[in-house]
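**Q** whatever this is, show me its structure:
(chains A and B)
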Amino acid sequence: EAGVAQSPRYKIIEKRQSVAFWCNPISGHATLYWYQQILGQGPKLLIQFQNNGVVDDSQLPKDRFSAERLKGVDSTLKIQPAKLEDSAVYLCASSLDLSGEQFFGPGTRLTVL
Amino acid sequence: GENVEQHPSTLSVQEGDSAVIKCTYSDSASNYFPWYKQELGKRPQLIIDIRSNVGEKKDQRIAVTLNKTAKHFSLHITETQPEDSAVYFCAATPVNTGFQKLVFGTGTRLLVSP
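**A** Below is the predicted model:
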């Protein structure tokens, strides 16, 4: 089966610019996660969707980050405006349901200059 | 909330040796503990997991042990091979009513030398 797809793979922007990342989960997976992985650290959960509803966004910096999964399949994560400390790899993951194994995408490496 | 600590941060072994990575967690409600392997520039992949109703789980050369009383769990890799070289992350979460919220450790970089 096809894995989790993400685009773009790399993005370089200047601070205060905006950026968007796209994720396509494994077909049939109801749960979708966005993680931020700063260099040298483990992934940190930003937001979790179940179908098109938000399950947990307690660690999402809502003043600058937003995410949506309007039709319960693909998802986008946006940062506006970006800060230097947002430089990280943004990983999308999906699972069959809320308690299932999480499968990760290849990630988007964001560099904010 | 949950906090996961992982040690060591780097581990170098000779091919054929065993490697052990240890994690401690803070939330006694956590009952699911997966381990992920992340090769350089690639996505994390689940290699083994354990739930709190068992103390040990083994899959070929890898095993995980869990001590709920002490709130720590460990990854054991025997007969290490160069292709085991990667960063390994532990994670913990309570799974309540089917909901999981993984908290990851900071990772261990394992280097297996031929």
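
**Q** only C-alpha atoms for contact and neighbour calcs from this point on.
**A** Will do.

**Q** how many residues are close by the residue lying closest to B:Pro114 once chain neighbours are set aside?
**A** Once flanking residues are discounted, B:Pro114 sits nearest to B:Glu15: 5.2 Å by C-alpha to C-alpha, 6 or more residues apart in numbering or on different chains. By other C-alpha atoms under 10 Å in any protein chain shown, 17 other residues sit near B:Glu15.

**Q** next: B:Ile21.
**A** B:Ile21 has 23 nearby residues by other C-alpha under 10 Å.

**Q** likewise for the one 4 residues further on?
**A** The burial metric for B:Tyr25, expressed as a neighbour count using other C-alpha under 10 Å, is 24.

**Q** that one contacts B:Gly1, correct?
**A** No: shown here, B:Tyr25 and B:Gly1 do not form a contact pair, counting by C-alpha atoms under 8 Å, at 10.3 Å.

**Q** A:Ser85: what secondary structure?
**A** Residue A:85: Glu, not Ser. Put simply, A:Glu85 is helix when judged by DSSP: H, G, I helix; E, B strand; the rest coil.

**Q** measure it to A:Trp34 for me?
**A** As for A:Glu85, its distance to A:Trp34 is 17 Å (criterion: C-alpha to C-alpha, to the nearest Å).

**Q** returning to that earlier point: who's in contact with the residue nearest to B:Pro114?
**A** Residues near B:Glu15 by C-alpha atoms under 8 Å, 6 or more residues apart in numbering or on different chains: B:Glu79, B:Thr80, B:Gln81, B:Pro82, B:Val112, B:Ser113, B:Pro114.

**Q** the fourth one contacts B:Pro114, doesn't it?
**A** Yes: between B:Pro82 and B:Pro114 there is a contact under C-alpha under 8 Å: 6.3 Å.

**Q** worst-scoring helix or strand of the chain, pLDDT-wise?
**A** All of this is about chain A. Lowest on mean pLDDT, DSSP states H and E among the helices and strands of chain A sits strand A:53-56, with a mean of 92.

**Q** wrong one, chain B
**A** When the helices and strands of chain B are scored by mean pLDDT, DSSP H and E, strand B:95-96 comes last with a mean of 70.
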